[in-house]
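> any chance you could fold what I've pasted below:
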Amino acid sequence: MVFDVFRRERTDVFWIVGSGFKIRHAMTTLPGSVYTGAWVPALCETWLLIPTATPWPREPLTKAITERCPECAVIADREEHRDHTWDY
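Sure, this is the predicted structure:
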C-alpha cells in the first residue's frame, strides 16, 4: 500500500512485462521490493517472473511494448488504481 501526502490510502499498480510475456500485466508489488527470478501475482492472477534488470546505459527491450492485459486493465480501472509503466 502506498500512501499519498494527504494521508489518503491509494494503491498503485505497476505495468511490467514479465519474463516470457509479450504484453504488460499490472501488479501491486513495488518493483524494487522483489528480486530477479521472483514470482509475483498480477491483478488477473497470472504469475509473473521478474526479469533481470537492464544494465545502464542500455534501454530495456520491453520499453517498446505498450499492449496491456485487458483483464488487468479492467480490474485496475474498477478499483481506481494509479498506474505506472515499469521496465527492468
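
> quick one, strands of this protein?
Taking DSSP state E as the test, the strands found in the chain are 2-3, 9-10, 12-16, 25-27, 39-41, 47-49, 82-85.

> partner residues bridging Leu48?
Leu48 has the following beta-bridge partners by DSSP bridges: Val40.

> which one of the strands of the chain lies nearest to Arg68?
strand 12-16 (6.1 Å; Cβ to Cβ). In short, each C-beta sits where N, CA and C put it, glycine included.

> how much space between the closest residue to Thr29 other than its chain neighbours and Glu80?
Counting by Cβ to Cβ, 6 or more residues apart in numbering, the nearest residue to Thr29 once its immediate chain neighbours are dropped is Val40, at 4.7 Å. Distance of Val40 to Glu80, given as Cβ to Cβ, to the nearest Å: 21 Å.

> who's more crowded, those two?
Val40 (19 against 8; other Cβ atoms under 10 Å).

> any regions of the protein where pLDDT drops low?
1-8 (pLDDT under 70).

> helices of this protein, start to end?
Ranges of helices within the chain are 70-78, based on DSSP state H.

> could you list every residue that touches Met27?
13-14, 16, 40-43, 48 (Cβ atoms under 8 Å, 6 or more residues apart in numbering).

> possible to save those residues as JSON lines with distance to His84?
What follows is those, written out as JSON lines (distance: Cβ to Cβ, whole Å):
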{"residue": "Val13", "distance to His84": "7"}
{"residue": "Phe14", "distance to His84": "5"}
{"residue": "Ile16", "distance to His84": "10"}
{"residue": "Val40", "distance to His84": "15"}
{"residue": "Pro41", "distance to His84": "17"}
{"residue": "Ala42", "distance to His84": "14"}
{"residue": "Leu43", "distance to His84": "14"}
{"residue": "Leu48", "distance to His84": "15"}
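
> for PyMOL, what selects the buried ones among those?
A single PyMOL command selects the buried members of these (16 or more other Cβ atoms under 10 Å):
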select buried, resi 13+14+16+40+42+43+48
